[in-house]
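Asker: 3D, please:
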Amino acid sequence: MKQSHELRWGGLAGVASILAALIGRLVMGSAPQLTEPAMTISGFLTERRVQVLAAALLYAVAAALLLWFGVALATAMRRADETSDAPALVLAGYVLLAAIGFIGISMFAGMTYAITTHPPLLAIAAGPYTVLTVMDAITGIAMTVPFGASAAAIMRTNIFPLWMAWLAIVVAVVAVLGAFTIVNTGGAVVPGGPVAIVLGVLTALWVLAASWFLIREHLPIPATGARPAMGH
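Answerer: Predicted structure coming up:
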């Protein structure tokens, strides 16, 4: 079979997405938790204005690259099994995540720009900051679409090792748990807290692993009856 290298480029996009997000996180620094005083939140946005805006740009790049990765992943899964709806759900899920990501990132950058340009707005900075953090937590529900569909596709075709399916399920479960942190207004289990950190780490590990298989362009042979994702 004549092969192009779109899957390899998609895998590289996945790795680049994680790197861009990680650099953005390091550039922005440790953001305050929702349980911290409003003055701490406004002070953080004021003192680290340039870093926050630079991080927002890096997160936007990461969202675009993640979409590219999602398209390549869905393509590989569709090649492995053209009769399943899972690849379409994977693609739709990554489109949804990218859209939510761009909206959230743009709103965060716009909020930071506005309140640091017009100082009187600093008094209400904690409000939109909290709204966007809660919005990010609820995004965990949307994450169940591409990760749940990926788990189903892997189990059906063996396009990736089985442990990738179970890791995708774990990511989906943690994402749902993260969404339910919005019912808490205090303590450690709040939006943007430890659950969000665990979810970020697990998601990054899964994307990097899937990207590696795409970059290699030598995916495991699907189960009997399913067409291989790639010819060799």
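
Asker: what helices or strands is the lowest-mean-pLDDT helix or strand in the chain leaning on?
Answerer: The helix or strand of the chain with the lowest confidence, counting by mean pLDDT, DSSP states H and E, is helix 38-47 at a mean of 89. In terms of contacts (3 or more C-beta pairs under 8 Å, 6 or more residues apart in numbering; DSSP states H and E), helix 38-47 is packed against helix 86-117, helix 126-157. Where you see a C-beta, it was placed from the backbone N, CA and C, and this is true even at glycine.

Asker: what angle do the following helix or strand past that helix and helix 86-117 make?
Answerer: Where DSSP states H and E defines the elements, the next helix or strand beyond helix 38-47 is helix 49-80. Orientation of helix 49-80 against helix 86-117 (axes from the mean of the first three to the mean of the last three C-alpha atoms, to 10 degrees) gives an angle of 170 degrees.

Asker: picking up where we left off before, determine which stretch of the helices and strands packed on helix 38-47 is the most buried.
Answerer: Among the helices and strands packed on helix 38-47, helix 126-157 has the highest mean neighbour count (mean count of other C-beta atoms under 10 Å), at a mean of 21.

Asker: average model confidence for it?
Answerer: Taken as a whole, helix 126-157 carries a mean pLDDT of 93.

Asker: After it, which helix or strand is next?
Answerer: helix 162-179.

Asker: helices and strands around that following helix, which ones?
Answerer: helix 126-157, helix 194-216.

Asker: contacting residues around the residue nearest to Leu122 when sequence neighbours are not counted?
Answerer: Nearest non-adjacent residue to Leu122, counting by C-beta to C-beta, 6 or more residues apart in numbering: Ser42, 4.4 Å away. By C-beta atoms under 8 Å, 6 or more residues apart in numbering, the contact set of Ser42 is Ile115, Leu122, Ala123, Ala125, Ala126.

Asker: swap in Glu47?
Answerer: For Glu47, the contact set (C-beta under 8 Å, 6+ apart) is empty.

Asker: Residues touching stretch 95-114, excluding its own?
Answerer: Stretch 95-114 has contacts (C-beta under 8 Å, 6+ apart) with 45, 49, 52-53, 56-57, 59-60, 62-64, 66-67, 70, 121, 125, 128-129, 132, 135-136, 139, 142-143, 145-146.

Asker: Tell me how far the residue of the chain most remote from its centre lies from Ser42.
Answerer: Centroid-distance maximum for the chain: Pro120 at 33.7 Å, with C-alpha atoms, centre = their mean. Distance, Pro120 to Ser42, by C-beta to C-beta, to the nearest Å: 11 Å.

Asker: which intervals of the protein have sub-threshold pLDDT?
Answerer: For the chain, applying pLDDT under 70 flags the ranges 1-5, 218-232.

Asker: so how many other residues sit close to Ala123?
Answerer: As a burial measure, Ala123 scores 12 neighbours (other C-beta atoms under 10 Å).

Asker: Quickly note the distance from it to Ser42.
Answerer: As judged by C-beta to C-beta, Ala123 and Ser42 stand 7 Å apart.
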